[in-house]
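*Asks:* Output the structure for:
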Amino acid sequence: MQALDPSDSPSLPTLTLPRVGSWRILLGLLQGLLLYLLYRAGQDLTWPATVPMLLVPLMLAGLLVPVILISGLGHLSRRQLLLWGGLALLVLVGLGCHDAWRGGDLPLPPHGEPNVRHASAPGLSRSLYPSPPLVLFAMAGFFIAHTLVLAAVRDGRRIASYTSYFDIAWKLGVQLAFSALFTGVSWLVLVLGANLFDLVKLKFLSELLRKEWFAIPVTAFAFSCAMHLTDVRPAIVRGIRGLLLVLLSWLLPVIVLLVGGFLLALPFTGLEPLWNTKRAAAVLLVAAAGLVVLVNAAWQNGEDGASVARIVRGAARAAALLLAPLVVLAAYALALRVRDYGWTGDRVSAAACIVVAACYAAGYLRAALRPGWLPSLAAVNIGAAFVVLGVLLLLFSPLLDPARISVASQLARLESGKVKADRFDFAFLRFDGERYGRAALDRLEREALGADTALVRRQIAIVRKMSNRWSPAALAARRIDVGANLTIRQAGVRLPDSFLRTDWALKDTPYLYPECLLEQDKRCDAFLLDVNGDGKLEVLVSSRDADAERVPNGVAFAEDAQGQWSALARVSLPQVDCRALRDNLAAGKLRAVPPVLADIEIGGVRAHLYPVEQDRGCLPRKP
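*Replies:* Numbering: from 1, shown residues only. Below is the predicted model of the structure:
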């Protein structure tokens with residue numbers, strides 16, 4: 001059979017196509033098997049899932065190392081391939097161990113739910129899988145690193161020519177994109193086949209596709225086959241690359257006009273509207289990244305500037321000049337946010353992006369000011385690639401861990417008085433601060449001193465009961481006057497003092513309660529009724545909404561033997577005229593009555609019966 005095309009890799013080892021193809025397919029099958037076994041261990045909580053510091057690195061390495069080996073086969077010698085694969089494995093294991101350590105203070109999840117944070121439980125459970133940001137940026141980082149390695153081997157020197165970097169990077173990018181597309185189309189074909197067999201009542205293929213032991217290895221196998229097929233047809237890849245670059249280069253004049261117009265408008269609009277968006281740095285960095293990509297699409301390897309249209313060459317030089325003011329504005333916008341609100345994980349990541357963008361901006365500005373077809377762009381791009389790799393390693397290691405930096409910054413703001421305890425986001429520490437934030441919560445709870453001690457400890461208690469970052473309990477900064485929010489609609493009746501003293505924000509399930517029990521100036525109606533027939537009065541709280549067409553939300557609360565109140569039942573209303581219902585509630589026209597239909601007990605389990613015509617909702621108003 002045909003050997004690999006040597007024109008694509010002059011230093012190609014003497015390996016024939018069948019042997020390279022067989023090794024790539026074998027690696028794909030082994031990758032699929034490894035990922036399935038790790039997935040199964042995570043689902044069943046068996047070894048190595050019981051040791052997250054082992055499982056997370058294994059999963060991260062299982063995702064990326066086989067792809068590196070598959071891509072390197074036929075382009076690296078056996079020794080080079082083993083050295084590069086071993087180095088990649090060591091780096092991924094280190095990053096994975098740190099990722100697992102960040103959540104190492106959390107308990108293992110319940111059996112069969114490795115990534116669930118439980119709404120019913122007051123605590124969190126750790127994730128047994130690598131964090132999505134780590135997976136995403138590890139892919140990006142190793143794409144760059146693999147390109148650098150392949151180009152260095154191709155040219156036989158540590159720093160290769162820019163032409164080699166350019167050819168290999170675009171070839172590898174197109175390969176990966178088409179391999180992902182091929183894998184997706186393969187699954188569409190399998191699903192189509194399963195549907196065809198389903199038409200004649202043969203379910204074996206549909207059931208097979210649902211089995212993880214089949215789906216995971218087949219996906220890895222299809223991807224490895226696609227990587228091989230695209231590698232042995234480099235002419236096709238180069239053709240696609242050329243067409244893509246030409247199309248992208250003609251977008252360069254458009255983005256230059258848009259960015260230039262934006263910058264020219266700033267002296268007239270001022271910077272205040274830009275800062276008020278609260279996302280100025282992110283948008284500006286995306287625009288800068290767009291300029292870099294399109295400039296390189298037009299410049300390509302820089303060898304044949306005469307063949308590039310004059311308007312595109314002019315737009316490339318203008319874009320190289322516009323990059324600097326965009327990065328300066330982004331840095332200033334980020335500095336303002338940090339000054340006012342301190343560091344967060346997103347701001348640390350944005351600062352890292354600005355460092356990389358500044359390297360591009362400075363280099364491109366210098367290239368734009370020199371005569372010729374942006375002559376120094378090659379050196380800038382090569383240098384920036386190494387900067388990106390260094391920044392990524394720092395961000396996903398303890399040195400510049402965004403969680404560690406942001407927790408330290410926010411604690412400093414709290415301890416210095418820049419932010420008051422009733423305004424401090426304690427939920428950030430628990431949900432976004434990883435191990436560092438949860439350790440900070442423990443320390444604050446132990447060492448809280450001064451006038452805000454009670455408030456700090458109450459806020460921490462509330463945060464510990466939150467099931468997620470957006471729980472309604474996060475709204476309750478200070479205890480509210482519940483009695484001021486409630487209107488008693490029965491004459492001669494007053495609410496129990498124990499009910500009014502209850503701090504509802506500290507309950508395990510605050511999402512069950514009307515807003516009037518959690519936030520000041522939210523109004524509800526309250527009634528005392530014996531709804532369970534135990535001879536004691538329960539409290540029924542009904543929300544009072546400005547929308548007359550909205551059904552009032554009602555919850556009944558009961559007191560236990562220790563004097564603690566908790567939600568007993570929700571009120572379900574039939575289809576009624578909401579205006580009339582609100583009028584009757586305001587007049588106190590309600591009482592407890594026996595149920596229309598008895599409950600059914602099935603082996604000790606009670607089932608409730610609801611009349612079918614009593615659908616919840618309001619009747620439409622008559623015109």
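
*Asks:* which other residues reach the one helix or strand Phe268 maps to?
*Replies:* Under the criterion of DSSP states H and E, Phe268 resides in helix 252-269. Residues outside helix 252-269 that contact it (CB atoms under 8 Å, 6 or more residues apart in numbering): 274, 287, 290-291, 294-295, 297-298, 311-312, 314-316, 318-319, 322, 325-326. All C-beta atoms are positioned from the backbone trio N, CA, C, and that covers glycine.

*Asks:* How are the strands of the stretch 51-200 of the chain distributed by residue range?
*Replies:* In the stretch 51-200 of the chain, no strands are defined using DSSP state E, counting those that start in this stretch.

*Asks:* In terms of helix, strand or coil, where does Ala556 fall?
*Replies:* strand (DSSP: H, G, I helix; E, B strand; the rest coil).

*Asks:* beta partners for it?
*Replies:* Under DSSP bridges, the beta-bridge partners of Ala556 are Leu540, Ala569.

*Asks:* Run a quick neighbour tally on it.
*Replies:* 19 (other CB atoms under 10 Å).

*Asks:* contacting residues for it?
*Replies:* Leu529, Val531, Glu538, Val539, Leu540, Val541, Ala567, Leu568, Ala569, Arg570, Val571.

*Asks:* how much space between it and Leu529?
*Replies:* Look at Ala556 and Leu529: by CB to CB, to the nearest Å, they are 8 Å apart.

*Asks:* ok, back up a step: just the buried residues out of the contacts of helix 252-269, in PyMOL syntax.
*Replies:* Per 16 or more other CB atoms under 10 Å, the buried members of the contacts of helix 252-269 correspond to this PyMOL selection:
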select buried, resi 274+287+290+291+294+295+297+298+312+315+316+318+319+322+325+326
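
*Asks:* Among the contacts of helix 252-269, which are located in helices?
*Replies:* Among the contacts of helix 252-269, the ones falling in helices (DSSP state H) are 274, 287, 290-291, 294-295, 297-298, 311-312, 314-316, 318-319, 322, 325-326.

*Asks:* Leu441 reaches Phe428, doesn't it?
*Replies:* No: counting by CB atoms under 8 Å, Leu441 stays clear of Phe428, with 10.1 Å between them.

*Asks:* Which neighbours do the two have in common?
*Replies:* Counting by CB under 8 Å, 6+ apart, Leu441 and Phe428 have no shared contacts at all.

*Asks:* Val419 and Arg347: what is the separation?
*Replies:* Counting by CB to CB, the gap from Val419 to Arg347 is 15 Å.

*Asks:* between those two, who's got more neighbours?
*Replies:* Each of Val419 and Arg347 has its neighbours counted (other CB under 10 Å); Arg347 has more, 20 against 16.

*Asks:* Enumerate every residue touching that one.
*Replies:* Here Arg347 is in contact with Leu334, Arg337, Val338, Ser406 (criterion: CB under 8 Å, 6+ apart).

*Asks:* Turn the residues you listed into TSV, including neighbour count.
*Replies:* Below are the contacts of Arg347 laid out as TSV (neighbours: other CB atoms under 10 Å):
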residue	neighbour count
Leu334	23
Arg337	19
Val338	16
Ser406	25
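
*Asks:* ok, these vs Gly72, which is closest?
*Replies:* Nearest to Gly72 among the contacts of Arg347 is Ser406, at 37.4 Å by CB to CB.

*Asks:* Would you mind giving the contacts of Arg347 as TSV with secondary structure, distance to Phe221 and pLDDT added?
*Replies:* Listed next are the contacts of Arg347 as TSV, based on DSSP: H, G, I helix; E, B strand; the rest coil; distance: CB to CB, whole Å; pLDDT from 0 to 100:
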residue	secondary structure	distance to Phe221	pLDDT
Leu334	helix	45	96
Arg337	helix	47	95
Val338	helix	48	96
Ser406	helix	41	97
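
*Asks:* and those as TSV, adding distance to Gln43?
*Replies:* Listed next are the contacts of Arg347 as TSV, based on distance: CB to CB, whole Å:
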residue	distance to Gln43
Leu334	41
Arg337	41
Val338	42
Ser406	32
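
*Asks:* now for these, which pair is the farthest apart?
*Replies:* Maximum distance among the contacts of Arg347 (CB to CB): 13.4 Å, for Leu334 and Ser406.

*Asks:* Can you name the element that comes right after the helix ranked longest in the chain?
*Replies:* Assignment by DSSP H gives helix 162-199 as the longest helix of the chain. On the C-terminal side of helix 162-199, the closest following helix or strand by DSSP H and E is helix 204-209.

*Asks:* which secondary structure elements does that next one contact?
*Replies:* On a contact count with 3 or more CB pairs under 8 Å, 6 or more residues apart in numbering; DSSP states H and E, helix 204-209 meets helix 162-199.

*Asks:* What mean pLDDT does the helix it packs on get?
*Replies:* Averaging pLDDT along helix 162-199 gives 95.

*Asks:* same thing with stretch 283-300?
*Replies:* Here the average pLDDT along stretch 283-300 is 96.

*Asks:* Kindly report the same for stretch 596-615.
*Replies:* 70.

*Asks:* same question, stretch 22-42
*Replies:* Confidence over stretch 22-42 (mean pLDDT, whole number) is 95.

*Asks:* picking that back up, using a markdown table, lay out the contacts of Ala556 together with pLDDT and neighbour count.
*Replies:* Converted to a markdown table, these look like this (pLDDT from 0 to 100; neighbours: other CB atoms under 10 Å):
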| residue | pLDDT | neighbour count |
| --- | --- | --- |
| Leu529 | 91 | 15 |
| Val531 | 88 | 19 |
| Glu538 | 93 | 20 |
| Val539 | 95 | 21 |
| Leu540 | 93 | 23 |
| Val541 | 93 | 25 |
| Ala567 | 90 | 17 |
| Leu568 | 90 | 15 |
| Ala569 | 89 | 14 |
| Arg570 | 86 | 10 |
| Val571 | 82 | 15 |
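
*Asks:* tell me which of those residues is nearest to Trp47?
*Replies:* Nearest to Trp47 out of those is Ala567 (CB to CB; 41.5 Å).

*Asks:* does the closest one count as helix, strand or coil?
*Replies:* Ala567 ends up strand, using three-state DSSP.

*Asks:* That one: what's its closest spatial neighbour, skipping adjacent residues?
*Replies:* Nearest non-adjacent residue to Ala567, counting by CB to CB, 6 or more residues apart in numbering: Leu512, 4.7 Å away.

*Asks:* How confident is the prediction for the one you found, by pLDDT?
*Replies:* 79.

*Asks:* Same question for Ser397.
*Replies:* 95.

*Asks:* Find the nearest non-adjacent residue to it, please.
*Replies:* His98 (6.0 Å).

*Asks:* Against Leu60, how distant is that neighbour?
*Replies:* Taking CB to CB, one finds His98 at 11 Å from Leu60.

*Asks:* more crowded one of the two?
*Replies:* Using other CB under 10 Å, the more surrounded residue of His98 and Leu60 is Leu60, with 25 against 17.

*Asks:* list the contacts for the nearest residue to that one once chain neighbours are set aside?
*Replies:* Closest residue in space to Leu60, ignoring its immediate chain neighbours: Gly96 at 4.2 Å, by CB to CB, 6+ apart. Listed by CB under 8 Å, 6+ apart, the contact set of Gly96 reads Val56, Pro57, Leu58, Met59, Leu60, Ala61, Pro130, Leu134.

*Asks:* can you check Val293 too?
*Replies:* Contacts of Val293 (CB under 8 Å, 6+ apart): Leu248.

*Asks:* With Leu334 instead?
*Replies:* Leu334 sits in contact with Ala281, Arg347, Ala350, Ala351, Ile354, where contact means CB under 8 Å, 6+ apart.

*Asks:* before we move on, what about Cys359?
*Replies:* By CB under 8 Å, 6+ apart, the contact set of Cys359 is Val380, Gly383, Ala384, Val387.

*Asks:* Could you rerun that using 10 Å?
*Replies:* Cys359 makes contact with Val327, Val380, Asn381, Gly383, Ala384, Ala385, Phe386, Val387, Val388, Val391 under the criterion CB atoms under 10 Å, 6 or more residues apart in numbering.
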